[in-house]
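J.: With the input below, show me the fold.
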Amino acid sequence: MKFNIYVQDDCDFCKELEIPVGLDVEKIYINRDDFEGFRPANVPCLQLKTIQLEGPYQINEFLKIIYDAKK
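T.: Numbers count the residues shown, from 1 in each chain. Now for the predicted structure:
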């Protein structure tokens with residue numbers, strides 16, 4: 001499963017993300033000129049079909065759970 005995390009450059013909260021090696025995670029930078037599409041009010045933001053997680057603490061915990069489940 002691929003996860004998209006919306007971030008921006010020079011974001012202290014975005015720098016706190018801990019992405020486990022082996023998970024398919026793409027960082028999407030919403031402040032760059034080539035970005036088009038969903039622009040969350042707060043970053044970092046991980047969005048799935050039915051849930052949206054905001055903030056590094058929630059996202060880190062979710063990714064850790066997914067990583068542990070894959071073992």
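
J.: C-alpha from now on. contacts and neighbour counts both.
T.: Fine.

J.: what's near enough to touch Gly26?
T.: Small correction: residue 26 is Glu, not Gly. Glu26 is in contact with 2-5, counting by C-alpha atoms under 8 Å, 6 or more residues apart in numbering.

J.: mind running it again at 6 Å?
T.: The neighbours of Glu26, taking C-alpha atoms under 6 Å, 6 or more residues apart in numbering as the test, are Asn4.

J.: Specify the local secondary structure of it.
T.: Per DSSP: H, G, I helix; E, B strand; the rest coil, the secondary structure class of Glu26 is strand.

J.: So it versus Val43, what's the distance?
T.: Applying C-alpha to C-alpha, to the nearest Å, one obtains 14 Å for the distance of Glu26 from Val43.

J.: where does the closest residue to Val25 other than its chain neighbours land in three-state SS?
T.: Nearest residue to Val25 in three dimensions, chain neighbours excluded: Phe3, at 4.7 Å (C-alpha to C-alpha, 6 or more residues apart in numbering). When classified by three-state DSSP, Phe3 comes out as strand.

J.: The nearest residue to Lys2 once chain neighbours are set aside: how many residues sit nearby?
T.: The shortest distance from Lys2 to any residue that is not its chain neighbour, by C-alpha to C-alpha, 6+ apart, is 4.9 Å, and that residue is Asp24. Other residues within reach of Asp24 by the criterion other C-alpha atoms under 10 Å amount to 11.

J.: next one: Ile66
T.: Around Ile66 there are 14 residues (other C-alpha under 10 Å).

J.: what sits against it?
T.: When contacts are counted by C-alpha under 6 Å, 6+ apart, Ile66 is found next to no other residue.

J.: Tell me, what's the model's pLDDT at it?
T.: Residue-level confidence at Ile66 comes out at 96, pLDDT.

J.: That one in helix, strand or coil?
T.: With three-state DSSP as the basis, the three-state label of Ile66 is helix.

J.: Just want to check the distance between it and Met1.
T.: Between Ile66 and Met1 the distance, using C-alpha to C-alpha, works out to 10 Å.
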